[in-house]
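[1] Prediction below, plus the sequence it came from.
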Amino acid sequence: MTEQELQVEIEEMWGYFRSIGYMVVDAPALKVSMPYAAPYEGVCFYVETDGICSHISIPVDQVRRFADAMLEMMPQAIALEHAADAEIAAYESLFNAKG
């Protein structure tokens, strides 16, 4: 398979995932698919960052630990976003006040 054929196949895969609602993140520089089960691999998903596509597999015995850690990080991620939003709003207020 040539590099060009591989890129076409990857784009078709992302298109298929879009069509069935299996995209978690769908941006030009970052794509993440929903997870799926695979024998001998556990739970898998695809990630593409800056045009480089990777197949990620998490062993079955580590899936719950990974999922729990993601859920545990949610409040911290939300708090960080709120803090960043507040900082941006404060900066914009100062900038607008200066004219």
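    Ah, there it is.

[2] which stretches of this structure form helices?
    Taking DSSP state H to define them, one finds helices in the chain at 3-19, 60-98.

[3] Out of those helices, which is closest to Pro35?
    helix 60-98 (8.6 Å; CB to CB). The way it works is simple: take the backbone N, C-alpha and C, and place the C-beta from them, glycine included.

[4] helices and strands around the closest one, which ones?
    Packing partners of helix 60-98 (3 or more CB pairs under 8 Å, 6 or more residues apart in numbering; DSSP states H and E): strand 42-49.

[5] how about 10 Å then?
    Other helices and strands packing on helix 60-98, by 3 or more CB pairs under 10 Å, 6 or more residues apart in numbering; DSSP states H and E, are strand 42-49, strand 52-58.

[6] which stretch among those comes nearest Ala83?
    strand 42-49 (25.3 Å).

[7] so can I have a markdown table of the helices and strands packed on helix 60-98 showing mean neighbour count?
    As requested, the helices and strands packed on helix 60-98 are exported to a markdown table (neighbours: other CB atoms under 10 Å):
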| stretch | mean neighbour count |
| --- | --- |
| strand 42-49 | 17 |
| strand 52-58 | 12 |
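
[8] Measure how buried Pro35 is and give me the count.
    Using other CB atoms under 10 Å, Pro35 is surrounded by 19 other residues.

[9] isn't it right up against Phe45?
    Yes: using CB atoms under 10 Å, Pro35 is in contact with Phe45, at 4.5 Å.
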